[in-house]
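Trainee: Okay, predicted coordinates and the sequence, questions at the end:
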Amino acid sequence: MGVGYEIHKSIKAGFKTKESYLVTRGRTSFLRIIGEHLIGEHSSYRMMTATADEDCGDFLVCKDKVRLTSAALQFGTELDTQPSFSKDTSGREFVHICTINIRLGGTPKEDEDDLDELYRALSRFFEIYDASDPSKPEQLNELREIYQALAQDDSSGDVYLSDGVWLSSDGLLHDRGR
């Protein structure tokens with residue numbers, strides 16, 4: 001599948017923000033971009049994996065949780081943003097990839113540059129997603145490094161990531177459901 005994607009204004013209930021966006025391909029949602037607050041002359045947004053279908057039924061959440069989680073972790077690691085796991089208001093786990101700061105009221109060129117940077121980043125996420133095969137040796141090495149960063153002890157036990165996805169010490173991802 002190609003890198004093409006779209007950004008839609010989200011109408012998902014439960015977000016305590018005026019701005020919420022969904023990053024999709026076709027009818028499948030992959031990421032959410034949630035407005036947080038104003039910081040000086042910037043607006044702050046959080047980019048994360050999508051956890052649920054859109055309320056209107058127009059978009060369904062990505063079903064390949066292993067691949068989505070793997071791509072989100074690799075993307076965040078590539079951005080050097082230290083991706084983390086959190087839960088939404090319904091208790092569903094997601095990967096928080098990064099925070100995005102966009103200038104407010106900048107020159108048209110500055111506004112265009114900010115959007116271009118966001119579009120390049122989203123294109124890169126989908127390149128990673130499309131190439132993602134969590135069983136490839138190079139991706140196993142990256143996932144082993146992520147495991148080492150997340151493991152709490154030396155037990156070599158699996159680490160729970162999100163959405164029923166577990167990461168083992170050998171870098172393999174397993175979807176065990178919730």
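Mentor: Everything's here; your move. Model, not experiment: these values are computed from the prediction.
Trainee: What distance do you get for residue 149 to residue 115?
Mentor: Separation of residue 149 from residue 115 (Cβ to Cβ, to the nearest Å) stands at 32 Å. Any C-beta I mention is one placed from the backbone N, CA and C, and that applies to glycine too.
Trainee: Check residue 27 too.
Mentor: Using Cβ to Cβ, one gets 24 Å for the distance from residue 27 to residue 115.
Trainee: likewise residue 174?
Mentor: Distance, residue 174 to residue 115, using Cβ to Cβ: 38 Å.
Trainee: Kindly report the same for residue 169.
Mentor: For residue 169, the distance to residue 115 equals 41 Å [Cβ to Cβ].
Trainee: which of the two has more neighbours?
Mentor: Just comparing residue 169 and residue 115: by other Cβ atoms under 10 Å the higher neighbour count belongs to residue 169, 16 against 12.
Trainee: how far does the longest helix anywhere in the chain sit from the chain's center?
Mentor: Using DSSP state H to define each element, the chain has its longest helix at helix 108-131. Helix 108-131 has its C-alpha centroid displaced from the chain centroid by 14 Å (Cα atoms, centre = their mean, to the nearest Å).
Trainee: just stretch 86-102 next, same as before
Mentor: Going by Cα atoms, centre = their mean, the spacing between the C-alpha centre of stretch 86-102 and its chain's C-alpha centre is 8 Å.
Trainee: returning to that earlier point: quick one: buried residues of the following helix or strand past the longest helix of the chain?
Mentor: Once the chain leaves helix 108-131, the next helix or strand it forms, by DSSP states H and E, is helix 137-150. Of the residues in helix 137-150, those buried under the neighbour-count criterion (16 or more other Cβ atoms under 10 Å) are 139, 140, 142, 143, 144, 146, 147.
Trainee: now swap in stretch 116-128 and tell me
Mentor: Counting neighbours by 16+ other Cβ under 10 Å, one finds that the buried residues in stretch 116-128 are 118, 121, 122, 125, 126, 128.
Trainee: distance of the residue of the chain most remote from its centre from residue 65?
Mentor: Note on the chain: the largest separation between a C-alpha and the mean C-alpha position, by Cα atoms, centre = their mean, falls on residue 107 (29.1 Å). Distance, residue 107 to residue 65, by Cβ to Cβ: 41 Å.
Trainee: One more: residue 132?
Mentor: Separation of residue 132 from residue 65 (Cβ to Cβ): 12 Å.
Trainee: residues contacting residue 151?
Mentor: For residue 151, the residues meeting the contact criterion (Cβ atoms under 8 Å, 6 or more residues apart in numbering) are 157, 159, 169.
Trainee: Oh, that last question was meant for residue 168, not what I typed.
Mentor: With contact taken as Cβ under 8 Å, 6+ apart, residue 168 is in contact with 147, 158, 159, 174.
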